[in-house]
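Attaching a predicted model along with its sequence, questions to come.
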Amino acid sequence: MIQTPEDIAGLYVLGLLDAARRNEVERDMENDAALQARVADWEERLLPLTRMVEPEPLPPGLWSRIERSLWPAPRAGAASVPSSLFSRLWDSLAFWRSLAATGFAAAMLLAVVGLPGTQPAGEPKFMVVLVAPDDKAPGWVVQASTEQSLKLIPLGVTDVPQAKALQFWTKGDKWKGPVSLGLVQPGRPLDVQMKELPPLEPNQLFEITLEPEYGSPIGRPTGPILYIGRAVKVM
Amino acid sequence: MTSTTDDFDFEAALGACAAGERSALRRIYEREGGRLMGVALRIVRRRDVAEDVVHDAFVRIWEKASSFDASRGSARGWIYSIVRHGALNHIRDHAREVPADESLTDSFEHETSSSVPDPYQQVLLSSEAGMLYDCLGRLDAAKRSSILLAYLEGCTHTEIADRLATPLGTIKAWIRRGLQALKECLA
């Protein structure tokens, strides 16, 4: 029986090729875009079958085993923030305060001091330093490794009056108004996915305002701006 | 059977993995790990081996995330193919070590023995919507069973021939024609 390339791709996905043939397909796929596409098409066609399989309980230790294999060194600090960058920021907070830097200058400084030693894969694309509007004291840093997700990192603990909350907002240059990125716990980092928003752009505005306990009731800032800054693209 | 995977953005999660965001891998694990474990277990039939397969797959997902190309297929499909081929490679390399976990053998045998040669009648009764299920329903039982035994249980041609008590050459022809029919139906 003559096997067409289409047959071979289908049989490969079903797992029905013998070892020699299977290795051959895997090797050829690296350079053969057409074969790669045929195999990917079959994977895609048959994928709905996996929904017939009921999920199985995951063994309790499995995730930590995966973590140990991938990241053998002990982990400290928040997940995606290189700890050296984090501690350096922390250490230099007093310095920044005395410098009374503008958000922009501080962000540039951060971009410069923060980069050496961080992993290339985790390099932030955008940085924002959020500073208090009056004395320009930095209170939070925003770090975005992709254009659709970012991390808000506290540089200290913001005092929040009772029955009030911190709310995080962003606004692109051409947007009609700010969009809420959610409520923020004082002193706690926050991961934000921005799938529904346009990709991050340079100079995009970020701010944290003081709002009622459950957030602004009208979908735009109502309280005073506590911290504000603009996105800087990291070179 | 749940099918609530649509609201999770696997592509974004892989992108975040490629950008070094460890929590993104964790999100994939939490979201899909259980079913990936199920898929692996069904093929290798031993919990300890299935655990190794899922472990290796997640290491690979992290390391290869940047090579994922959305123009070639879905992120979810990419993730499943890593787990399935990991499991298939294992049983092909280890000639499906016996004994399988007894409890598993029991449950799989029980599921299938009563209805051979159509162990997958359930496909037709499945609440899953979608073209693939319609198209499988149009195949005759022999072709459908052969394809599902291979895809879901990692059976070889010979094993399928045994399960369906049918000559090997016939099984090979069924699978080949079954795949062609599926492709046409899905086109």
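Happy to help now that I have it.

same for the helix ranked longest in chain A, what does it pack against?
Scanning chain A for the longest helix, with DSSP state H as the assignment, gives helix A:33-46. Under the contact definition 3 or more C-beta pairs under 8 Å, 6 or more residues apart in numbering or on different chains; DSSP states H and E, helix A:33-46 sits against helix A:5-14, helix A:19-29, helix B:75-94, helix B:168-186. (Glycine included, C-beta is placed from N, CA and C.)

what do you get if the cut-off is 10 Å, keeping everything else the same?
helix A:5-14, helix A:19-29, helix B:75-94, helix B:131-138, helix B:141-153, helix B:168-186 (3 or more C-beta pairs under 10 Å, 6 or more residues apart in numbering or on different chains; DSSP states H and E).

Lowest average confidence across those helices, which one?
Summarising mean pLDDT across the helices and strands packed on helix A:33-46, the least confident stretch is helix B:131-138, with a mean of 86.

what helices or strands is it leaning on?
helix A:33-46, helix B:121-125, helix B:141-153, helix B:168-186.

and B:A75, how many neighbours?
Neighbourhood size, B:A75 [other C-beta atoms under 10 Å in any protein chain shown]: 21.

Look up how far chain A lies from the residue lying closest to it once chain neighbours are set aside.
Using C-beta to C-beta, 6 or more residues apart in numbering or on different chains and skipping the chain neighbours, the partner closest in space to B:A75 is B:F10 (3.6 Å). Distance of B:F10 to chain A, given as C-beta to the nearest C-beta, to the nearest Å: 11 Å.

neighbours around B:F10, how many?
21.

Strands along chain A, start to end?
In chain A, the strands defined using DSSP state E lie at A:126-131, A:138-144, A:149-154, A:164-171, A:179-184, A:190-193, A:205-212, A:225-230, A:232-233.

winner for burial among the ones you listed?
Mean neighbour count (mean count of other C-beta atoms under 10 Å in any protein chain shown) peaks for strand A:126-131 among the strands of chain A, with a mean of 27.

which helices and strands does it pack with?
Checked by 3+ C-beta pairs under 10 Å, 6+ apart, strand A:126-131 has helix A:93-99, helix A:103-114, strand A:138-144, strand A:149-154, strand A:205-212, strand A:225-230, strand A:232-233 packed alongside it.

what about 8 Å?
helix A:103-114, strand A:138-144, strand A:205-212, strand A:225-230, strand A:232-233.

Now do it against strand A:149-154: the angle between them, please.
If you take axes from the mean of the first three to the mean of the last three C-alpha atoms, to 10 degrees, strand A:126-131 sits at 30 degrees to strand A:149-154.

OK, contacts around A:R220?
A:169, A:177-178 (C-beta atoms under 8 Å, 6 or more residues apart in numbering or on different chains).

for these, which one is nearest chain B?
A:W169 (21.7 Å; C-beta to the nearest C-beta).

before we move on, back to that, quick one: buried residues of the longest helix of chain A?
Residues of helix A:33-46 classed as buried: A:35-36, A:38-46 (neighbour count, 16 or more other C-beta atoms under 10 Å in any protein chain shown).

Provide the count of other residues in contact range of A:W71.
11.

returning to that earlier point: to A:A137, which of the helices and strands packed on helix A:33-46 lies closest?
Closest of the helices and strands packed on helix A:33-46 to A:A137 is helix B:75-94, at 41.7 Å (criterion: C-beta to C-beta).

neighbouring contacts of that closest one?
A:13, A:15, A:19, A:22, A:40, A:43-44, A:47, A:50, B:5, B:10-11, B:13-14, B:28, B:32, B:36, B:39-40, B:43-44, B:49-50, B:52-54, B:56-57, B:60-61, B:64, B:68, B:154.

quick one, that helix and helix A:33-46 angle?
Going by the same axes, to 10 degrees, helix B:75-94 makes 100 degrees with helix A:33-46.

Now helix B:75-94: buried residues?
Buried-residue list, helix B:75-94, by 16+ other C-beta under 10 Å: B:75-92.

From the chain's centroid, how far away is that helix?
8 Å (C-alpha atoms, centre = their mean, to the nearest Å).

Find the residue ranges of chain A scoring beneath the pLDDT cut-off.
A:1, A:73-122 (pLDDT under 70).

Map the structural domains onto the sequence of it.
Each domain of chain A is listed here as a residue range: A:5-52, A:83-233, per automatic domain parsing.

Domain ranges for chain B, per the record?
As recorded under automatic domain parsing, the domains making up chain B are B:10-94, B:115-186.

how distant is the shortest one from the center of its chain?
If you compare the mean C-alpha spot of domain B:115-186 with that of the full chain, they lie 13 Å apart, counting by C-alpha atoms, centre = their mean.

Show me the longest helix that occurs in chain B.
Under DSSP H, chain B gives helix B:22-44 as its longest helix.

Just the angle for that one relative to helix B:141-153, thanks.
Going by the same axes, to 10 degrees, helix B:22-44 makes 130 degrees with helix B:141-153.

which residues does the spatially most central residue of chain B contact?
Nearest to the mean C-alpha position of chain B, counting by C-alpha atoms, centre = their mean, stands B:L152 at 4.4 Å. The contact partners of B:L152, taken as C-beta under 8 Å, 6+ apart, are A:49, A:52-53, B:39, B:42-43.

Could you check how far it is from B:R47?
Relative to B:R47, B:L152 is positioned 17 Å away (C-beta to C-beta, to the nearest Å).

what's the answer for B:R35, then?
From B:R35 to B:R47 the distance is 15 Å (C-beta to C-beta).

and if you look at B:C135?
With the distance defined as C-beta to C-beta, B:C135 ends up 33 Å from B:R47.

likewise A:V39?
For A:V39 relative to B:R47 (C-beta to C-beta), the value is 29 Å.

B:G33 too?
Distance from B:G33 to B:R47, by C-beta to C-beta: 14 Å.

who has more neighbours, these two?
Applying other C-beta under 10 Å to B:G33 and B:R47 shows that B:G33 carries more neighbours, namely 22 against 18.

before we move on, the earlier item: out of the helices and strands packed on helix B:131-138, which is closest to A:Q185?
helix A:33-46 (41.1 Å).

Between helix A:5-14 and the closest one, find me the angle.
50 degrees.

ok, how many other residues are close to A:N203?
11.

The residue nearest to it when sequence neighbours are not counted pairs with what?
In this structure, A:N203 finds its nearest non-sequential neighbour in A:R230, 5.1 Å apart by C-beta to C-beta, 6+ apart. Applying DSSP bridges to A:R230 gives these bridge partners: A:L205.
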